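S.K.: after the sequence you'll find the predicted model.
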Amino acid sequence: MVTQRLKIPTVAILTVLILAICYDGIRLAHDRRFNNALAAGDVAWISYSDDPHIQFAIAYDLQQQREFKAAVNAYGAVNALSGSQLQMRIKYNLANLYFREATRLREAGAYDLAMPLIELAKQNYKEILRIDNGHWDAKFNLEVALFVAPETDPADALEERNPERSPRALTTINSREPLP
């Protein structure tokens with residue numbers, strides 16, 4: 001009688017364990033196929049997935065291959081929750097992608113195309129720092145971007161273009177004083 005009572009829970013536990021092992025085996029085989037396809041550059045096989053981590057991996061792979069437009073589109077297609085760690089990684093990678101492309105364009109002499117990309121990079125770095133002000137990589141990269149394209153106060157920019165209209169211009173005018 002005691003063996004009969006122990007037999008049913010033991011069979012149930014073994015069944016659950018066997019199912020769990022089968023499930024883990026299937027997931028492991030799928031992950032291996034994914035890793036092999038990613039290593040081989042077979043993005044078409046992977047692209048069917050709705051998993052945001054897989055979408056992120058595809059975008060990162062495109063970024064590593066220096067496919068600017070495709071990488072930007074792929075990062076935009078990632079379905080990550082706002083404020084999540086994955087969303088911060090997306091913003092950081094996008095900022096780096098924008099900054100690298102802007103650097104490439106500046107070296108090619110296309111300053112007018114590079115400046116908007118630098119501004120997008122600075123915007124993404126600032127958004128990361130609003131969420132996590134201890135993100136040292138974003139701080140450093142923002143400093144580099146600010147060195148390349150410093151931000152100016154609109155009043156200072158107006159003074160540079162039109163110095164005689166500046167409020168400071170009235171205080172710096174040489175006044176004529178009569179000689180004694």
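M.R.: Sure thing, it's come through. Numbers count the residues shown, from 1 in each chain.
S.K.: for the helix ranked longest in the chain, what is the average pLDDT?
M.R.: Longest helix of the chain, by residue count under DSSP state H: helix 2-40. Regarding helix 2-40, the rounded mean pLDDT is 83.
S.K.: show me what that helix is packed up against.
M.R.: Applying 3 or more Cβ pairs under 8 Å, 6 or more residues apart in numbering; DSSP states H and E, we find helix 2-40 packed against helix 43-46, helix 52-64. Glycine gets a C-beta too; all of them are placed from N, C-alpha and C.
S.K.: what about this structure, any weak spots by pLDDT?
M.R.: Counting by pLDDT under 70, the chain contains low-confidence ranges at 1-4, 38, 41-49, 80-83, 153-180.
S.K.: could you list the domains of it?
M.R.: What automatic domain parsing lists as the domains of the chain is 1-30, 50-150.
S.K.: any idea which of the ones you listed is most buried?
M.R.: domain 50-150 (a mean of 16; mean count of other Cβ atoms under 10 Å).
S.K.: got a list of what residue 121 touches?
M.R.: By Cβ atoms under 8 Å, 6 or more residues apart in numbering, the contact set of residue 121 is 95, 96, 98, 99, 102, 141, 145.
S.K.: in helices, which of those residues appear?
M.R.: Per DSSP H, the subset of the contacts of residue 121 in helices is 95, 96, 98, 99, 102, 141, 145.
S.K.: closest one to residue 18 out of the residues you listed, please.
M.R.: Using Cβ to Cβ, the shortest approach to residue 18 within the ones in helices among the contacts of residue 121 belongs to residue 96, at 46.3 Å.
S.K.: separation between that closest one and residue 67?
M.R.: In this structure, residue 96 and residue 67 are separated by 14 Å, where distance is defined by Cβ to Cβ, to the nearest Å.
S.K.: likewise for residue 10?
M.R.: In this structure, residue 10 lies at 56 Å from residue 67, with Cβ to Cβ as the measure.
S.K.: secondary structure element for the nearest residue to residue 99 once chain neighbours are set aside?
M.R.: If the residues on either side of it in the chain are set aside, residue 99 comes closest to residue 121, at 4.1 Å by Cβ to Cβ, 6 or more residues apart in numbering. The secondary structure element spanning residue 121 is helix 111-131 (assigned by DSSP states H and E).
S.K.: list the contacts of residue 118.
M.R.: The neighbourhood of residue 118, defined by Cβ under 8 Å, 6+ apart, consists of 98, 99, 102, 145, 148, 149.
S.K.: of the domains of the chain, which is nearest residue 40?
M.R.: Among these, domain 50-150 comes nearest to residue 40, with 10.9 Å by Cβ to Cβ.
S.K.: between its first and last residues, how far does that closest one reach?
M.R.: Domain 50-150 stretches 40 Å from its first residue to its last (Cα to Cα, to the nearest Å).
S.K.: now do stretch 99-116
M.R.: Stretch 99-116 has an end-to-end distance of 10 Å (Cα to Cα).
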